[in-house]
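Chemist: Need a 3D model of the sequence below.
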Amino acid sequence: MLKYHDFPTDKKVFIFELDEVIYPKRDYLLQIYYLFANFLEFTETFPPQADLVSFLKQHLEQDGEELIFEHAADTFHFDLKYKEHFERLFVNAVLPVKLLMKEGIRELLSAIVADGKQICILTKGNPLMQLNKIKHIEWGVLASKLKVYFVDELQFRKLEPLDYIADELQIAKNEFVYIDG
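Modeler: Got it, this is the predicted structure:
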């Protein structure tokens, strides 16, 4: 577990990846799978939501995210036309339950802010999906203290993300710490 006192005291900015650092990515994925399974059962009456969620959860744990939709469609014989809806959920779903931070992260972020330091999120992946995750995390008072950057967006603009953040915040690169998990 990360503790504030484990970091050098001279750092002005703490930059965190989102997935697996701030919160467990699995928590987001399972809620998306649950929403998709509910949608599919409501639309087609088959497969039963619980069976599809169980399959998706097991696939995630054993084989990861890759080809999860295709394997589910093959196993449960549902139409591939639902893939667009499945993918759309990742960027605009309203989650039934807030995402909780990993153990000790809220305390770490609070200690950083209490010491007058800046916290940033620098996250990889589809910016719309990452923003949706950020919206569903239970930040509390920390929400107003965050500055968020998207790796994919910065790289698309041919910018090196950490250099960009240092320039924007007007700090030297040795004045921040990047926690990437």
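Chemist: Can you check the pLDDT for residue 46?
Modeler: Note on residue 46: pLDDT of 87.
Chemist: now residue 9
Modeler: The model reports residue 9 with a pLDDT of 89.
Chemist: So it versus residue 145, what's the distance?
Modeler: As judged by C-beta to C-beta, to the nearest Å, residue 9 and residue 145 stand 19 Å apart. All C-beta spots, glycine's among them, are computed from the backbone N, C-alpha and C.
Chemist: Compare the two and say which is more crowded by neighbours.
Modeler: Applying other C-beta atoms under 10 Å to residue 9 and residue 145 shows that residue 145 carries more neighbours, namely 15 against 8.
Chemist: unless I'm mixing things up, that one is touching residue 115, no?
Modeler: No - here residue 145 lies out of contact with residue 115, judged by C-beta atoms under 8 Å, at a distance of 11.9 Å.
Chemist: what's the nearest residue to residue 29 if we skip its chain neighbours?
Modeler: Excluding the flanking residues, the one nearest residue 29 by C-beta to C-beta, 6 or more residues apart in numbering is residue 60, at 6.1 Å.
Chemist: what's the answer for residue 1, then?
Modeler: Once flanking residues are discounted, residue 1 sits nearest to residue 104: 3.9 Å by C-beta to C-beta, 6+ apart.
Chemist: so how far is residue 157 from that neighbour?
Modeler: Residue 104 is 34 Å from residue 157, by C-beta to C-beta.
Chemist: Between those two, tell me which one has more neighbours.
Modeler: residue 104 (12 against 8).
Chemist: Looking at the chain, which helix is longest?
Modeler: Using DSSP state H, we find that the single longest helix of the chain is helix 25-44.
Chemist: what's that one packed up against?
Modeler: Counting contacts by 3 or more C-beta pairs under 8 Å, 6 or more residues apart in numbering; DSSP states H and E, helix 25-44 is packed against helix 49-63, helix 83-92.
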